[in-house]
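> just the structure for this:
(one chain, ligands or ions: 1)
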Amino acid sequence: MIELQGLTKRYGDKTAVDHLTFTVRPGVVTGFLGPNGAGKSTTMRMMLDLDNPTAGDVRIDGKHYRDLNEPFKYIGALLDAKAIHGGRTAYNHLLCLAQSNRIPASRVDEVLETVGLSSVAKKRSKGFSLGMGQRLGIAGALLGDPEILMFDEPVNGLDPEGIHWIRNLMKDLAAQGRTVFVSSHLMSEMALTAEHLVVIGQGRLLADTSMADFIATNSRSYVRVRTPDPERLRDALAAAQIIPVVTGDGSFEIEGGDPARIGELAAKHQLTLHELSPQRASLEEAFMQLTADSVEYHAGGHLAGDPAGAVPVTDPAAPQWGAGWSGGKDSTPSTGKES
Ligand SMILES: Nc1ncnc2c1ncn2[C@@H]1O[C@H](COP(=O)(O)OP(=O)(O)OP(=O)(O)O)[C@@H](O)[C@H]1O
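Numbering: from 1, shown residues only. Down below sits the predicted model:
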């Protein structure tokens with residue numbers, strides 16, 4: 001378990017992390033979500049005692065990180081600290097970590113196997129692809145067999161196979177009863193991975209909720225209807241106590257409507273329909289709406305609240321890999337724990 005109490009970090013005038021209080025519990029993947037610059041990495045660094053808080057406190061299983069006897073055995077992390085020595089082989093990199101943390105060398109082969117790098121164990125990591133580097137960083141995090149794991153944007157820049165692998169690994173680790181805390185700036189990724197969500201914007205806590213509640217609250221569903229005879233459709237709907245919202249392009253949106261019922265109603269009144277489609281606002285859109293006021297740098301165009309941003313219903317979680325994957329940071333892998 002990780003407990004944050006009033007955690008705050010200021011850099012001069014800039015408040016990067018602003019009185020964060022929340023708890024990361026074991027047995028589930030907790031997603032740590034926020035737009036670029038929200039303070040995720042800074043928070044994670046303070047959790048690992050790599051940065052000093054200006055105020056507040058982080059406890060790992062009730063203790064400060066610095067008071068943990070063998071921290072590697074409590075908490076493993078994949079951060080963004082570019083600290084892997086590229087001249088070392090994967091095996092030697094992990095062996096150095098193991099030796100400096102009093103972990104048996106036999107564990108190196110185990111974690112290489114877990115992350116699928118056994119066949120390249122004797123290769124220097126500077127020749128590794130981004131995905132292999134991420135796997136090596138994750139192997140480092142797993143080395144001490146810790147109960148708590150922390151991953152900062154672990155899927156950034158990975159191909160679909162790598163993303164799928166990391167997602168399943170995180171879920172498996174949580175299913176083993178471990179505490180898994182993973183940051184992302186993409187709601188669509190979290191929707192597929194996390195059971196619990198902590199959302200921050202400009203360092204402040206915006207939401208601390210189960211994924212199921214977030215979906216229930218934010219995935220507005222409605223039916224879009226278009227007809228060449230809107231007056232008659234409106235009357236027919238009104239007679240059935242259905243009040244549509246008329247949009248700018250003349251189509252109707254019926255909040256929580258049942259497409260079958262609306263289609264049958266139209267047929268009964270011999271009304272021609274040009275569209276009858278169930279829609280669901282995407283979770284990505286809900287996230288953007290939640291954080292709209294706290295995004296540091298806006299691109300042109302609208303951020304949220306625009307019905308045009310809704311997506312047709314295919315999958316409630318609306319995974320949109322590739323779309324919008326912007327890789328906001330250099331993902332050079334590291335455990336961030338090398339001395
Ligand atoms: N060493 C530093 N000195 C000054 N400002 C900093 C420092 N580190 C971070 N910041 C600022 O603190 C804020 C939070 O940064 P942080 O990297 O924690 O955000 P993030 O949520 O991890 O974002 P990203 O997804 O872009 O990495 C940003 O405005 C950043 O510019």
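
> restrict stretch 11-28 to CA atoms and write it as CSV.
C-alpha atoms of stretch 11-28 as CSV (Å, rounded to 0.1, in the frame of the first residue of the first chain):
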residue,chain,number,x,y,z
TYR,A,11,9.9,24.5,-8.0
GLY,A,12,10.3,28.3,-7.4
ASP,A,13,6.9,29.8,-8.3
LYS,A,14,5.7,26.6,-10.0
THR,A,15,3.6,24.1,-7.9
ALA,A,16,4.2,20.8,-9.7
VAL,A,17,2.4,18.7,-7.1
ASP,A,18,-0.3,20.4,-4.9
HIS,A,19,-1.5,18.7,-1.7
LEU,A,20,-2.1,15.3,-3.1
THR,A,21,-3.8,12.9,-0.7
PHE,A,22,-4.7,9.4,-1.8
THR,A,23,-4.0,5.7,-1.2
VAL,A,24,-2.9,3.1,-3.7
ARG,A,25,-4.2,-0.3,-2.6
PRO,A,26,-3.0,-3.8,-3.3
GLY,A,27,-4.7,-6.3,-5.6
VAL,A,28,-5.8,-3.9,-8.3
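
> buried stuff in that stretch?
Under the neighbour-count criterion of 16 or more other Cβ atoms under 10 Å, stretch 11-28 has 15-18, 20, 22, 24, 26, 28 buried. All C-beta spots, glycine's among them, are computed from the backbone N, C-alpha and C.

> farthest pair within those residues?
Maximum pairwise distance in those, criterion Cβ to Cβ, is 30.0 Å, between 15 and 26.

> of all the buried residues of stretch 11-28, which comes closest to the ligand?
residue 16 (3.2 Å; Cβ to the nearest ligand atom).

> now do the SS call for the closest one.
Of the three states, residue 16 takes strand according to DSSP: H, G, I helix; E, B strand; the rest coil.

> what pLDDT does it get?
Listed pLDDT for residue 16 reads 96.

> residue 132 and residue 78, how far apart?
Look at residue 132 and residue 78: by Cβ to Cβ, to the nearest Å, they are 13 Å apart.

> same drill for the two, tell me which one is more crowded.
Neighbour totals were compared for residue 132 and residue 78, and residue 78 leads with 29 against 19 (other Cβ atoms under 10 Å).

> quick check, the more buried one in contact with residue 141.
Yes: between residue 78 and residue 141 there is a contact under Cβ atoms under 8 Å: 5.0 Å.

> next up, the contacts around residue 148.
Neighbouring residues of residue 148 by Cβ atoms under 8 Å, 6 or more residues apart in numbering: 1-2, 24, 26, 60-61, 74-76, 178-179, 181.

> oh, that last question was meant for residue 88, not what I typed.
With Cβ under 8 Å, 6+ apart, residue 88 has these contacts: 96, 124-125.

> okay, it: pLDDT?
pLDDT, read off for residue 88, is 85.

> the one 5 residues further on now?
Confidence at residue 93, expressed as pLDDT, is 91.

> surely it is in a helix?
Yes: according to three-state DSSP, residue 93 belongs to a helix.

> can you tell me which residues contact it?
Contacts of residue 93 (Cβ under 8 Å, 6+ apart): 84-85, 125, 136, 140.
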